[in-house]
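Undergrad: would you be able to build a 3D model of this:
(one chain, ligands or ions: 1)
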Amino acid sequence: MKPVDLRSDTVTQPTPGMRAAMAAAPLGDDVFGDDPSVNALQEQVAGLLGFEAALFVPTGTQGNLCGILSHCQRGDEYIVGQMQHAYRWEGGGAAVFGSVQPQPLEHEPDGSLALAAIEAAIKPDDPHFARTRLLALENTLGGKLLPFDYLQRATALARSKGLATHLDGARLFNASVAQAAHVGSDPRTEARRIAGLFDSVSVCFSKGLGAPVGSALCGSKDLVARARRIRKMAGGAMRQSGVLAAAAAYALEQQVDRLADDHALARRLADGLQGIEGLQVEPPQTNILFVDLVGPARERSAELLPYLQRQGVLATGLYRLRFVTHLDVDAAGVDRAIAAIRSFFHA
Ligand SMILES: *Cc1c(COP(=O)(O)O)cnc(C)c1O
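TA: Alright, predicted model coming up:
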């Protein structure tokens, strides 16, 4: 039987419909700017999120790199959260390639960065200090939806201090689907409202949206022109990349609303693990579930993932397990995962 792969929402396979869209995509050479499928995707995502322009990039990492380096020069700094991808999980790219220093801050329990901490981290204009230029946030962050009124206040604070703002929206549509459910709106409207607070936004097509490859960086025409130079330097200017852009366009059209299913499956998994002794289940807000091993269960933590793997269930973590739901997981798979974990704990 195929394993239930809960390691990440990046593991999805393109659906038959997506493969058909890729096969049928008209192609050009995007370095000459004449790949019609790339151009169409860039217009589609910019229009959807309310920006002048967008740039198709191979990865979310490169989207963040192009974003940060389009806002910042050598010797500038960006304020960022300790657990944000653009600080912790990108090999220090902005510092390595751009000589842009991160100013990481601790997160509040809800994933936000305290406004007072942001304000205190903004350096005065003094030759001792790097020039604070940018506030970078992430939504969702570890599956947490940052409250919209918080995003409004944080971006307003940044603007009032002359900082630009960037959103790592790798999972922006998970955020917008969850937010839409709370406020009784629709996911596209909410994605546009969230994105509209920022000067630039990067979104991943290869996470919950289910495309095999690709991200987009959105911003003003000027910002995207700068980002295009950086993408070239980073080796991310691709040729017949319309074959990939077509998958992303298909995902935006067909696979946004279904993220609600992933969120429901994460809740189903959380409910099924509730009450097992030794497990502390964090109620999931979107498609990522964290479960902490507590008490004597911690002593068996190293055995758990290999055991689950033998049962055909894949996850990550050690004392803090991470389960991610996505397009290629269904209720039966979630129930198999619950049963396997229960059997490990004899629960
Ligand atoms: C996955 C991810 C990225 C980077 O995406 P890659 O395509 O793997 O480089 C950036 N930010 C967040 C929040 C992510 O989850």
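
Undergrad: name the nearest residue to the residue nearest the centre of the chain, sequence neighbours excluded.
TA: With distances taken as C-alpha atoms, centre = their mean, residue 170 lies nearest the centre of the chain, 2.3 Å away. Leaving aside its sequence neighbours, residue 170 sits nearest to residue 204 (C-beta to C-beta, 6 or more residues apart in numbering; 4.1 Å). Backbone N, C-alpha and C define where each C-beta goes, glycine included.

Undergrad: correct me, but that neighbour touches residue 171?
TA: Yes: Residue 204 is within contact range of residue 171, at 7.1 Å (criterion: C-beta atoms under 8 Å).

Undergrad: would you verify that residue 203 is located in a helix?
TA: No: using DSSP: H, G, I helix; E, B strand; the rest coil, the assignment for residue 203 is strand, not a helix.

Undergrad: tell me the pLDDT of the residue in the stretch 1-150 of the chain positioned nearest to the ligand.
TA: Nearest residue of the stretch 1-150 of the chain to the ligand, counting by C-beta to the nearest ligand atom: residue 60, 2.5 Å away. Per-residue confidence at residue 60 stands at 98 (pLDDT).

Undergrad: follow-up on the earlier one: relative to residue 221, how far out is the residue nearest to the centre of the chain?
TA: Relative to residue 221, residue 170 is positioned 23 Å away (C-beta to C-beta, to the nearest Å).

Undergrad: and the closest residue to the ligand within the stretch 101-250 of the chain, what is it in contact with?
TA: Residue nearest to the ligand within the stretch 101-250 of the chain (C-beta to the nearest ligand atom): residue 170, separated by 3.3 Å. Contact analysis of residue 170 by C-beta atoms under 8 Å, 6 or more residues apart in numbering lists 60, 85, 138, 202, 203, 204, 207, 215.

Undergrad: over to residue 134?
TA: Counted by C-beta under 8 Å, 6+ apart, residue 134 has contacts 68, 71, 72, 76, 77, 78, 79, 163, 164, 165, 166.

Undergrad: could I get the phi/psi values of the nearest residue to it once chain neighbours are set aside?
TA: In space, and not counting its chain neighbours, residue 134 is closest to residue 78: 4.0 Å by C-beta to C-beta, 6+ apart. Main-chain torsions, residue 78, degrees, to the nearest 10: phi -120, psi 140.

Undergrad: bridged to residue 78, which residues?
TA: residue 102, residue 134 (DSSP bridges).

Undergrad: so what's it scoring on pLDDT?
TA: 98.

Undergrad: domains in this protein, by residue range?
TA: For the chain, automatic domain parsing gives the domain ranges 16-254, 258-345.

Undergrad: got the contact list for the spatially closest residue to residue 58 that is not a sequence neighbour?
TA: Distances taken as C-beta to C-beta, 6+ apart put residue 236 closest to residue 58, at 5.1 Å, once the chain neighbours are dropped. Contact analysis of residue 236 by C-beta under 8 Å, 6+ apart lists 57, 58, 59, 62, 66.

Undergrad: repeat that for 6 Å
TA: Neighbour list for residue 236: 57, 58, 62 [criterion: C-beta atoms under 6 Å, 6 or more residues apart in numbering].

Undergrad: reformat these as TSV; add neighbour count, secondary structure and distance to the ligand.
TA: Listed next are the contacts of residue 236 as TSV, based on neighbours: other C-beta atoms under 10 Å; DSSP: H, G, I helix; E, B strand; the rest coil; distance: C-beta to the nearest ligand atom, whole Å:
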residue	neighbour count	secondary structure	distance to the ligand
57	29	strand	9
58	19	coil	8
62	22	helix	7
